[in-house]
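S.K.: Structure here, sequence nowhere to be found:
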């Protein structure tokens, strides 16, 4: 055993409503807690699954977003009053804004960017956001490796699509 390895302080498991629940993304929040994004179920019978815990692993809230379908939460941007989830709803790229204290949806936008498409990550850029992902996926039901064409999209501050380009 490695005596320099960190020890495990705590380990928690949180289930969604479907048979399989797993994370795609973990974010250390400004309040000291953590939020995990992913899905519960497997496409085409999945929902976005979001779990918020405090710094000791105590569940603050968990939420499932969308109806059963091809729903994936891939990454997140933290704002002063919300979490903005980057992902896919029914084969289209999406942005879902949820309340920080409850996880309840505030707003949602989907974007038809060509075939099966999804945003994987977004960052603040100027007065808006840059999102990267893919479109024209060869395997629209694959959670991790869809073999699509790379895509970069420019969004304004209200998450309206300004432009997308294949990369």
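M.R.: Here it is on my side, so go on. For clarity, every value in this text was computed on a predicted model and none was experimentally measured.
S.K.: make it CA atoms for all contacts and neighbour counts henceforth
M.R.: Fine.
S.K.: Which residues does the least confident helix or strand in the chain by mean pLDDT contact?
M.R.: Here the helix or strand of the chain ranked lowest by mean pLDDT, DSSP states H and E is strand 21-28, holding a mean of 91. Judged by Cα atoms under 8 Å, 6 or more residues apart in numbering, the contacts made with strand 21-28 from elsewhere in the structure are 15, 34-41, 49, 73-76.
S.K.: Verify the contact between residue 135 and residue 118 for me.
M.R.: Yes. The pair residue 135 / residue 118 is scored as a contact, 6.7 Å apart, by Cα atoms under 8 Å.
S.K.: who has more neighbours, the two?
M.R.: The residue with more neighbours, out of residue 135 and residue 118 and counting by other Cα atoms under 10 Å, is residue 118; that gives 37 against 25.
S.K.: Tell me the spatial nearest neighbour of that one, not counting adjacent residues.
M.R.: What sits nearest to residue 118 in space, not counting adjacent residues and going by Cα to Cα, 6 or more residues apart in numbering, is residue 93, at 3.9 Å.
S.K.: circling back: among the contacts of strand 21-28, which lie within strands?
M.R.: When these are checked against strands using DSSP state E, the ones located there are 34-41, 49, 73-76.
S.K.: Is it possible to get these out as CSV so that each row also shows neighbour count?
M.R.: Shown next, in CSV, are the ones in strands among the contacts of strand 21-28 (neighbours: other Cα atoms under 10 Å):
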residue, neighbour count
34, 19
35, 20
36, 22
37, 27
38, 25
39, 28
40, 26
41, 22
49, 26
73, 29
74, 26
75, 21
76, 24
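S.K.: nearest to residue 104, of the residues you listed?
M.R.: For the ones in strands among the contacts of strand 21-28, the closest approach to residue 104 (Cα to Cα) belongs to residue 49, at 11.9 Å.
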